[in-house]
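Participant: Provided below for reference: sequence and predicted model.
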Number of protein chains: 2
Amino acid sequence: MATYYLASWASNLKYSDLPQDVIAAAVRSFYNWAGCAIGGSNHPATTIAYNSLKPFFGPPTASLLGHKGKLSIDAQHAALLNGIASHVHDYDDTHLDTIIHPTGPVASALLAAAEWKGGYSGKEFLVALTAGIEAECKVGLAVWPEHYDVGWHITSTTGSIGAAVAVSKLLSLSTVQTAHAIGIAATQVVGLREMFGSHTKSFHVGRAAQNGLMAAVLAQGGYTSSEQALEAKRGWSNVVGVTKEGLSQSLEKWIGVGATGSGLGLPAVGQPGRWEILRNSFKPFPCGIVIHPIIDGCVQLHHDLASQALDVKDVRSVHISVHPLVLELTGKRKPKDGLEGKFSVYHGAAIGLLYGKGTPAQYEDDVVQDARVIAIRDKVDAKADTSIAADEAKIILTMADGTVLEKHVQHALWAGKSTYPSRKHMESSIRKQLRLNADTWRAHHTC
Amino acid sequence: MATYYLASWASNLKYSDLPQDVIAAAVRSFYNWAGCAIGGSNHPATTIAYNSLKPFFGPPTASLLGHKGKLSIDAQHAALLNGIASHVHDYDDTHLDTIIHPTGPVASALLAAAEWKGGYSGKEFLVALTAGIEAECKVGLAVWPEHYDVGWHITSTTGSIGAAVAVSKLLSLSTVQTAHAIGIAATQVVGLREMFGSHTKSFHVGRAAQNGLMAAVLAQGGYTSSEQALEAKRGWSNVVGVTKEGLSQSLEKWIGVGATGSGLGLPAVGQPGRWEILRNSFKPFPCGIVIHPIIDGCVQLHHDLASQALDVKDVRSVHISVHPLVLELTGKRKPKDGLEGKFSVYHGAAIGLLYGKGTPAQYEDDVVQDARVIAIRDKVDAKADTSIAADEAKIILTMADGTVLEKHVQHALWAGKSTYPSRKHMESSIRKQLRLNADTWRAHHTC
């Protein structure tokens, strides 16, 4: 019933069902996505894919972001390329309970579909975006954390389902058609974690968007799949789930089939439920969130050094205590390039100390390969400590003269419900990125 | 090392490395694939996908089979649609050790790539086809049978890897580029068995072809993935494998990393090895091979009835003893349409008895819904018997007057190494299908 219930919930959802804070969260998530997609539009992962796949582009109907003026390509490739761009700096939003980056697959598919078909209102767009984000996060919660632990990139494995639900909603598919779209999306399981640190990590997000868009378009045309795709014995959750508890109960709890009473299922008028989009957050640094408290602490130490007239060159050693997951996910001692730098807690510490910030510029290849950065990186030592929380870090910095500076970051910074940047600020930031990217885009593209 | 070894083997393979029987098997496999793709070109699974995705088609460079004269579309969509068509009648070839249908994903991608790029010789095509088929079957053997048992459609999950290897070979990618192509393909895991009986089952094969083609094209452009995609802890085999024995040993045994001495690995000059393409077989009936001995036995009984002047209408009961897998895979008691009929051992028995044959015509919707067929189907009773082999069946037919006819089929018919149809016969059959389909194609397509 979970597939059908999710399809029914999505196809019946109305804009008037969305509370004000949910609408605000959807707008924020979309703006953040657009900024990330523009910011990543000139990254090699995006430009190589663009140039390689150009021979297959169909009639132009949807925008490729990050291009001055309008650059249109077919909606399928727009979904793929905007999806890649939105994830490639690891700067996109994070659903904190599952570490899904929810907006990438959903918005990349949805914007392409909306432009292709045309004539939709902002409200129709936002209700579809919200439906897709809720779908992927709820489905993700049902299989978290074992699904991620075993090696699946949960953003893309759930993302194709979220994108299918969003596009199905936009195209006003029936409940049965939406269920078939979920099935066609669910059977395309994209994303192995082994790809982290390569271009293919961001490909996952673009391909998930494309899979979801294609699933909805096929289902609209009458293509059949299964109406039990999520819960069947040889369906999505059992095959990719690997959960310890029974999966049917887990799906029921999160998708809210019947009156489960947990209050955690899909929210609807007169029903208990929880909006996952309210638990979405925005990153201060363009890398996995487990490194954030370390960068934050090192940025603070950068300013402490300056205020005491100490030079970062005179640092002798940096000892960091971190949650064990930090080393498992980001333990690259000698990152070779920007992408690998995102998986190096040592690099995160070094740029915080040296530059006092961690923006996409500090993850460019030349910075990761810079001798000054490497010199500090090699002085950083990180130890797993089970008494440290996942969003916590303790840093002990020792200078050549024996001076010791300490920093204890109790919680990672995050821009969520209460502390997100204002919409005005984000609009201005997106416009700034748009101008910045127009020239670099032209320089990188052969079109 | 398995990924790199496979890539190195494929990129170094030469036509002169192929024994004569391997070349013959590759030609047969390709002809059989073409016949299946033509035969399935007017099926709704193909035509719905064609009509739904038409707005995205790029410049025409590759053939859509089954169309009189030349109908070209972009190579990505040609790979998808020919792949769907080739699998939709469940009539395609079978690698007997893994029940992979190997040629569908590989040839669908390869023909599209070859037409798009142009200028390749038949020898270049055949060596690429062989490389792809060996790759997918070896990788499949490494995870068989647990991977299939848990719910993965092994034809498409391995098919994208086979297609990537084949297209990489055709495009003369380096070993490193081929390894990256394998990675980009491996991270797109398409195919849940829950979709069996719906259009999405054949979509798996088309999408695997498309995934492999895209993977090779991206890798050629410099897109990076992992060079340990198959064997890494969070790579393909560990995440989707679920094998009981150690996966690294299993990959080593089948892909033949180093001198494992098993004699089962990738074959090459001066190396032990086994060509999987020699274990490929061709189906006498368009459905899963587990039903084949039952259909065969019932076809024989149809002729026995005729020779004794008995009427099939007077059959009282049909008792069949089968391997337990038959009921697990094909136990649909009341199939609703042609696709579901393929998963009904009862339907297979009924058409054998009634028509004395099992061709695609006996799996049309109207036949599955025919009252005469249903009347016989309802008299069929199948029991699992662990003493019966998977390609064996015992049938006891009792007439209304008490007459009993028995049939024991010890081995399913299969057209493999020794008993395949001649090339001349297949060419004539493909031409016949081509004429047949030209009209039906026009009737079904809005183009």
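Facilitator: Great, that's in hand.

Participant: distance check, the nearest residue to A:D21 once chain neighbours are set aside against A:N32.
Facilitator: Closest residue in space to A:D21, ignoring its immediate chain neighbours: A:L278 at 6.2 Å, by C-beta to C-beta, 6 or more residues apart in numbering or on different chains. For every residue, glycine as well, the C-beta is placed using N, CA and C. Going from A:L278 to A:N32 by C-beta to C-beta, to the nearest Å gives 15 Å.

Participant: more neighbours: those two, which one.
Facilitator: Higher neighbour count among A:L278 and A:N32: A:N32, with 26 against 15, using other C-beta atoms under 10 Å in any protein chain shown.

Participant: are we agreed that that one is in a strand?
Facilitator: No: checked against DSSP: H, G, I helix; E, B strand; the rest coil, A:N32 lies outside a strand; its state is helix.

Participant: how about it, what does it touch?
Facilitator: A:D92, A:D93, A:T103, A:F282, A:M426 (C-beta atoms under 8 Å, 6 or more residues apart in numbering or on different chains).

Participant: can you lay out those as CSV showing secondary structure?
Facilitator: Shown next, in CSV, are those (three-state DSSP):
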residue, secondary structure
A:D92, coil
A:D93, coil
A:T103, helix
A:F282, strand
A:M426, helix
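
Participant: what about A:S172, how many residues nearby?
Facilitator: That count, for A:S172 with other C-beta under 10 Å as the rule, works out to 12.

Participant: one more: A:G119?
Facilitator: 6.

Participant: where does it land in three-state SS?
Facilitator: A:G119 ends up coil, using three-state DSSP.

Participant: likewise for A:A208?
Facilitator: Classification of A:A208 using three-state DSSP returns helix.

Participant: which non-adjacent residue is nearest whichever residue of the stretch 301-447 of chain A sits closest to chain B?
Facilitator: When scored by C-beta to the nearest C-beta, the stretch 301-447 of chain A has A:L339 as its residue closest to chain B, at 8.2 Å. With C-beta to C-beta, 6+ apart as the criterion, A:L339 has its nearest non-adjacent residue at 5.5 Å, and that residue is A:G197.

Participant: check A:P102 too.
Facilitator: Closest residue to A:P102 apart from its sequence neighbours, by C-beta to C-beta, 6+ apart: A:I133 at 4.6 Å.

Participant: my read: the one you found touches A:G104, true?
Facilitator: No: look at A:I133 against A:G104 with C-beta atoms under 8 Å: they stay out of range, at 10.4 Å.

Participant: go ahead and confirm the residue nearest to A:D21 touches A:A25.
Facilitator: Yes: A:L278 lies in contact with A:A25 (C-beta under 8 Å); the separation is 5.5 Å.

Participant: quick one: the strands in chain A?
Facilitator: A:62-63, A:72-73, A:94-95, A:188-190, A:280-281, A:315-322, A:380-384, A:393-399, A:404-409 (DSSP state E).

Participant: ok, now which residue in chain A is the farthest from the centroid?
Facilitator: For chain A, the residue at maximal distance from the C-alpha centroid (C-alpha atoms, centre = their mean) is A:D401, at 42.7 Å.

Participant: ok, now how distant is the nearest residue to that one once chain neighbours are set aside from A:L397?
Facilitator: Nearest residue to A:D401, sequence neighbours excluded (C-beta to C-beta, 6+ apart): A:D314, at 7.1 Å. A:D314 is 11 Å from A:L397, where distance means C-beta to C-beta.

Participant: which positions in the stretch 201-350 of chain A make contact with chain B?
Facilitator: Applying C-beta under 8 Å from any C-beta of the partner chain, we find that the stretch 201-350 of chain A lies next to chain B at A:203-204, A:207, A:214, A:217-218, A:220-226, A:228-229, A:232-236, A:238-239.

Participant: mind giving me the PyMOL command for buried ones among the residues you listed?
Facilitator: Listed next is the PyMOL selection for buried residues among those, using 16 or more other C-beta atoms under 10 Å in any protein chain shown:
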select buried, chain A and resi 203+204+207+214+217+218+220+221+223+224+225+226+228+229+232+234+235+236+238+239
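
Participant: give the contact list for the nearest residue to A:T3 once chain neighbours are set aside.
Facilitator: Excluding its sequence neighbours, the residue lying closest to A:T3 (C-beta to C-beta, 6+ apart) is A:L230, at 4.5 Å. Contacts here follow C-beta under 8 Å, 6+ apart; on that basis A:L230 touches A:A2, A:T3, A:L6, A:V139, A:I161, A:I182, A:A186, A:W236, A:S237, A:L251, A:I255.
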